[in-house]
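> the following comprises the amino acid sequence and a computationally predicted model.
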Amino acid sequence: METKKAKILIVDDEKGLRFGTQRLLEDEGYDVETAENGEQGIKLGTSNDFDVAVIDLKMPDIDGLDVLKEIKSSHPNTVCFIATAYASYDTAIQSTRLGAFGYIPKPFSPEEFIYQVELGVKQRELILDTQRLKREREESLLEIANEKSRLNTIIKSISDGVLVVNKVGEVAYFNYAALKYLNIPELKIGDEILNSLPKKIVDLVNKILESEKILLKTFSTQIDFQPVQELVIEAACTPVPHVDGSLAGVVIVLSNITQFKKIEQIKSQFVSMVAHELKTPLAAVQGFINIMLDPSIRIDKEKEKDYLSRSVARLKGLTDLVNDLLDISRMELQTKQREIEDIDIRKVIQNTSQFLEIELKKKEISCEINTEENLPTIKADLNEITRLITNLLSNAIKYNKENGKIYIDASVGKNYLSIKIKDTGVGMKPEEKAKLFNEFYRAKNEKTRGISGTGLGLTIVKRIVDSYHGKIDVDSEYGMGTTFTITLPINTN
Amino acid sequence: MKLIAIIDDDPDILDASSLVLKSKGYSVITANNPNDGYKIVKEKKPDLIILDVMMDEPDDGFFLAQKFRKEKIMTPILMYTSVSKAIGLDFGKSEMVPVDDFVEKPISPDELVHKVENLLHKFEEKR
């Protein structure tokens, strides 16, 4: 035995035997201690954990069986032998009953003795091994139990619903989210469940249960509870195999995809609006061209020129629309890095009104700019702020009357900058005001006919203002004019 | 001479359609919104109505058509459609859509004239 020397205790009142056996065992590589009487034997045997103890039966002070009893009660794993010259059937039974492993009759030969001790040491190893295994098993069982309850807690508390159905359609496991999504008030393990599930889920579960071999894939379906309940659920059904690979059941994971569906709907509405806005001018242009190409329809040069210039105007509108769409998409994707700099809003207003001078002159509109002295600069992207002022000012021109007026005020508040753009134009009805910032919304009434636009200008304005944590207010009276007020926070740092 | 009313909010479409029909000898009256459209039909009693499906609202054309039928104005209606079909608003002739035929935008002069002639012809036979 390479590892540790086995520890042997010899308890014997006969000195010669003590020394003889000690030397014998030490020669065999054992670690030996001896006691010369019962009292010493008990003391040594109870205070040390011996592998093997050989106890003489007849000792003057304390009987060997009592020594055996004491040692066994404090160290039950010490393998004990009783050695005696007075071997009798009764003492054999008694000593075995007290926990002795064996009986060594005196006198014994060295070989016989060593053989017995070796047996004892093996027995001791066996006992210790068994104990270690038992302890390990208990520990791992405890671990599994902990793991199970941990997993259980995790699954119970996730927001997705989990429902496991066995091969015959009984509930094998569920969490509370599953009950909530399926609107089942109560459920017990073992309940027949298929009848209370939506048909779409049952179909998938049956497909998995009835298939001949295990389908290692997930089948999913969407269940729309609207309009009864604002809820759309995705149910993903996956087969659960046994360890041997055979089918144990189906796990159904239910996820709430209501928000996702809403976004999808908004997206498809947006796409159809874009499609409509793109197709309308194209249809007009194509209509004109079709007429001009049709040999059976005669039109004079002047009409043809009119149609061509109107086509050009529609195509320009289309280009503007595509540019606005690209701007919106850039803003959303944030592909363009902002170049934040100190911006003097007065300069932006002046530059923009100069840029739009031709439009102003066309309708004979006068523009009055009133900006406070010592306006603080704001930290922003110049392109975005210019775009903001341009869109608002060009709206103020487009929706203004001939000979109308535009007032632009810029002032400073406690920690914000306020820009007011007021026109004397067509104004808005209350219901039009409510939809103002919607994509492609354009107020359509007898006063706005003939005014072209993409319907995205104010959408872009609102997005820019929002992105700087600012605010936009609209004040309007139908037929009288509109005032847009923008407040942008000043970065005081 | 047959009188045709065209109701569409796009002035370019109104102009182009008018020109095509006039070149084939029809008289044409136009309106660029549902209200005016209703008025000209009531007053001028055209032989055929051409109606755009999407005016101020995506279903203005349907509403106007239903209004005519409710008031027993049984004049044949040809409906202009644009992307409505592509976006899933797939419709055919029905009680909800009491029109007699559809023309998809952009309008080809041949198709427009052909459908107008057909409808007028059918309608005369019925009477």
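Nice, thanks for sending it over.
> name the residue closest to the centre of chain B, please.
B:I50 (1.5 Å; CA atoms, centre = their mean).
> can you give me phi and psi for it?
phi -110, psi 120 (degrees, to the nearest 10).
> what does the model give it for pLDDT?
For B:I50, the model assigns a pLDDT of 95.
> kindly report the same for the one 10 residues further on.
On the pLDDT scale, B:D60 is placed at 79.
> and for it, the neighbour number?
Other residues lying near B:D60 total 20 when counted by other CB atoms under 10 Å in any protein chain shown. For glycine as for every other residue, the C-beta is placed from the backbone atoms N, C-alpha and C.
> which non-adjacent residue is nearest it?
Once flanking residues are discounted, B:D60 sits nearest to B:P34: 5.0 Å by CB to CB, 6 or more residues apart in numbering or on different chains.
> what sits against the one you found?
B:7, B:55-56, B:60-61, B:63-64 (CB atoms under 8 Å, 6 or more residues apart in numbering or on different chains).
> related to what we said a few turns ago, contact partners for the residue nearest to the centre of chain B?
B:4-8, B:17, B:77-80, B:103, B:116.
> what does the helix or strand bottoming out on mean pLDDT in chain A rub up against?
Least confident element among the helices and strands of chain A, by mean pLDDT, DSSP states H and E: helix A:89-97 (a mean of 81). The contact list for helix A:89-97, computed with CB under 8 Å, 6+ apart, reads A:57, A:64-65, A:68, A:82, A:84, A:103.
> so which of these belong to strands?
Applying DSSP state E to these, the entries found in strands are A:82, A:84, A:103.
> tell me which element the residue nearest to A:Y30 when sequence neighbours are not counted is part of?
Once flanking residues are discounted, A:Y30 sits nearest to A:I8: 4.9 Å by CB to CB, 6+ apart. Assigned by DSSP states H and E, A:I8 falls within strand A:7-11.
> tell me where the chain has helices.
Defaulting to chain A. Counting by DSSP state H, one finds helices in chain A at the ranges A:15-27, A:38-47, A:64-74, A:89-97, A:110-157, A:176-182, A:199-210, A:258-293, A:301-333, A:345-355, A:357-362, A:382-398, A:430-434, A:457-467.
> if you could check chain B rather than the one you did, that'd help
Using DSSP H, helices in chain B cover B:11-23, B:34-44, B:60-70, B:109-126.
> point out the most buried one among those helices.
Across the helices of chain B, averaging neighbours per residue (mean count of other CB atoms under 10 Å in any protein chain shown) puts helix B:11-23 on top, at a mean of 21.
> what does it contact?
Against helix B:11-23 from outside (CB under 8 Å, 6+ apart): A:283-285, A:287-288, A:290-291, A:294, A:296-299, A:303, A:307, A:310, A:314, A:449-450, B:4, B:6, B:8, B:28, B:30, B:32, B:50, B:52, B:80, B:105, B:107, B:109, B:112-113, B:116.
> wait, B:K39 sits on B:T30?
No - in this structure B:K39 lies outside contact range of B:T30 using CB atoms under 8 Å: 11.9 Å.
> any low-confidence regions in chain B?
B:56-59, B:83-96, B:127 (pLDDT under 70).
> return the residues of it in contact with chain A.
Within chain B, the positions near chain A by CB under 8 Å from any CB of the partner chain are B:9-13, B:15-17, B:19-20, B:23, B:32-33, B:54, B:56, B:82-83, B:86-88, B:105-110.
> on the pLDDT front, check A:D466 for me.
Predicted confidence (pLDDT) for A:D466: 91.
> report the buried residues of stretch A:314-321.
A:314, A:317-318, A:321 (16 or more other CB atoms under 10 Å in any protein chain shown).
> cool, and stretch A:121-130?
Buried residues in stretch A:121-130 (16+ other CB under 10 Å): A:121, A:123-124, A:127.
> CA atoms of it as PDB?
Output of stretch A:121-130 as PDB, limited to C-alpha atoms (Å, rounded to 0.1, in the frame of the first residue of the first chain):
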ATOM      1  CA  VAL A 121      -7.000  -3.600   6.900                       C
ATOM      2  CA  LYS A 122      -8.800  -4.600   3.700                       C
ATOM      3  CA  GLN A 123     -12.100  -4.600   5.600                       C
ATOM      4  CA  ARG A 124     -11.200  -1.100   6.900                       C
ATOM      5  CA  GLU A 125     -10.600   0.100   3.400                       C
ATOM      6  CA  LEU A 126     -13.900  -1.300   2.300                       C
ATOM      7  CA  ILE A 127     -15.700   0.400   5.100                       C
ATOM      8  CA  LEU A 128     -14.100   3.700   4.400                       C
ATOM      9  CA  ASP A 129     -14.800   3.400   0.600                       C
ATOM     10  CA  THR A 130     -18.400   2.500   1.200                       C
END
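> hmm, back to that, direction included, what does the strand holding A:I8 pair up with?
Strand pairing for strand A:7-11, using DSSP bridges, gives strand A:31-35 (parallel), strand A:52-56 (parallel).
> and it, what's buried?
A:7-11.
> now the angle between helix A:38-47 and that strand, please.
160 degrees (axes from the mean of the first three to the mean of the last three CA atoms, to 10 degrees).
> quick one, strand A:7-11 and helix A:110-157 angle?
130 degrees.
> from the stretch 101-250 of chain A, which residue is nearest to chain B?
A:D224 (16.2 Å; CB to the nearest CB).
> mind checking how far that residue is from A:E234?
Counting by CB to CB, to the nearest Å, the separation of A:D224 from A:E234 is 10 Å.
> count of residues packed around A:I223?
A:I223, neighbours per other CB under 10 Å, totals 18.
> surely it touches A:P198?
Yes - A:I223 is in contact with A:P198 according to CB under 8 Å; the separation is 5.2 Å.
> spit out the residues that contact the two alike.
A:A235.
> hey, what's the residue nearest to the centre of chain B bridged with?
Beta-bridge partners of B:I50, counted by DSSP bridges, are B:I6, B:L78.
> quick one: which of the helices of chain A is nearest A:G245?
Evaluated over the helices of chain A, closeness to A:G245 peaks at helix A:199-210, with 14.7 Å, by CB to CB.
> got a list of contacts for that closest one?
In contact with helix A:199-210 (CB under 8 Å, 6+ apart) are residues A:165, A:167, A:169, A:194, A:197, A:215, A:219-221, A:223, A:235, A:237-239, A:247, A:249-250, A:252.
> swap in 10 Å and give it another go.
Identification of contacts with helix A:199-210 by CB atoms under 10 Å, 6 or more residues apart in numbering or on different chains yields A:163, A:165-169, A:182, A:193-197, A:214-215, A:217-224, A:233, A:235-240, A:247, A:249-252, A:254.
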